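Undergrad: Next input, structure requested:
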Amino acid sequence: MPEIKIDQNLVEWEELSELEWKNLLLGNGFSINIWNRFGYGTLFEVAQREDVDHQLTAQSLALFAHVGSSNFEDVLRVLYHAKLVDEQLGSPQDAEITALYEGAKNALGSAVNFAHIPPALADVAEINARLRSYKNVFTTNYDLIPYWAIMDSDTWRFKDYFWGEDGCFDSSDTAVPADRTKLHYLHGAIHLVELPNGRTKKLTANGLNRLSELFDLDHPEQFPLFITEGSSIWKLSRIKRNDYLRFCYEKLASSKNGLVVIGHSLHKDYDQHIIDAILQSESSKVAIGVWAHQDGEKIIALKSRLTIDLKGKELYFFNSESHPLASAGLNVRDEEA
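TA: Down below sits the predicted model:
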């Protein structure tokens, strides 16, 4: 195991690329490098901006506070069950519940439209080509960039496990040919929904004029499945309650033959469950992309922290921009939208 120097120096990806790297973990920094609005805050925060089409109302914000969550999924689920109870009582609160439900879902759709890169702007052909070199791609992001990338060309090369009945995940049918690249949404994504029976379904997200179309008001029984908020403990609890998320997490925890991390801080407060999965994995080598333009002391602090948190792994810290999936060439400016 090479000695890790705790300094501000970073190697270039080219120096590591010849080693065996079969697994890739993408964090929010990957998406922000492509579209800076992904760094504007969480969807809950974006939904409160004055420049989105539908803001969260004061009444909606009060409901989020009462539920004790800033995840849209939690609030929409509460409202769905409230509607079921209300119907059994003769629907005395139907108008109020419907207004809250439609307000929250419209705000979610507006936040996604505002924060998400528009269709056709990302260089999905380049991303597609680069993802192919990995056997397993894991992402904690909610966005559609990986989805659009694998749909761009040679879709047969990629598998996302949603080939079951009605586009649903089936935990008993997950065998994949060895030459395919497998995509795992560790925290869900905006085109995934959980049905009342607990099954996870993938919605078609190609050819949409507006991404808010994914959040159909006519299907309150479909709960958006993506985790954008909360502590690591809360995230892991949510993962364990869904068979698809649990399957993806277990795949990360059992991965082997090297892991490359791009755009992920691996912060203990929010990502301890990801750190734990990496520690459990059989990948002895972990290459971590670091943004080289930050203050040198921050790079040293990051190296120090991860050297402790990932003790036992053979760590390499590289200049993230030297990797093709984090290059400046992938960046799309707002004015191009």
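Undergrad: CA atoms for contacts and neighbours, from now on please.
TA: OK.
Undergrad: pLDDT weak spots in this protein?
TA: Scanning the chain for pLDDT under 70 picks out the ranges 1-3, 207-209, 217, 335-337.
Undergrad: which residue is nearest the middle of it?
TA: In the chain, the centroid-proximal residue (CA atoms, centre = their mean) is Asn141; its distance is 1.7 Å.
Undergrad: List the contacts of that residue.
TA: Going by CA atoms under 8 Å, 6 or more residues apart in numbering, Asn141 touches Leu26, Gly27, Asn28, Ser31, Tyr185, His187, Gly188, Ala189.
Undergrad: repeat for Ala205
TA: His191, Leu211, Leu214.
Undergrad: my guess is Ala125 contacts Asp152, does it?
TA: Yes: the pair Ala125 and Asp152 passes the contact test of CA atoms under 8 Å, sitting 6.3 Å apart.
Undergrad: Looking at these two now, which is surrounded by more residues?
TA: Asp152 (17 against 14; other CA atoms under 10 Å).
Undergrad: Among the contacts of Asn141, which lie within strands?
TA: The members of the contacts of Asn141 that map onto strands under DSSP state E are Leu26, Tyr185, Gly188, Ala189.
Undergrad: now the residues you listed in JSON lines, with distance to Ile275 and neighbour count?
TA: Below are the ones in strands among the contacts of Asn141 laid out as JSON lines (distance: CA to CA, whole Å; neighbours: other CA atoms under 10 Å):
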{"residue": "Leu26", "distance to Ile275": "13", "neighbour count": "21"}
{"residue": "Tyr185", "distance to Ile275": "16", "neighbour count": "24"}
{"residue": "Gly188", "distance to Ile275": "18", "neighbour count": "26"}
{"residue": "Ala189", "distance to Ile275": "20", "neighbour count": "22"}
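Undergrad: can you tell me which residues contact the residue nearest to Ile278 when sequence neighbours are not counted?
TA: In this structure, Ile278 finds its nearest non-sequential neighbour in Ala253, 5.9 Å apart by CA to CA, 6 or more residues apart in numbering. Neighbouring residues of Ala253 by CA under 8 Å, 6+ apart: Asp276, Ala277, Ile278, Leu279, Gln280, Ser281, Glu282.
Undergrad: can we see that at 6 Å?
TA: Ala277, Ile278, Gln280, Ser281 (CA atoms under 6 Å, 6 or more residues apart in numbering).
Undergrad: ok so, going back, most surrounded residue in the contacts of Ala205?
TA: Leu211 leads the contacts of Ala205 on contacts (other CA under 10 Å) with 23 neighbours.
Undergrad: Good, wrapping up.
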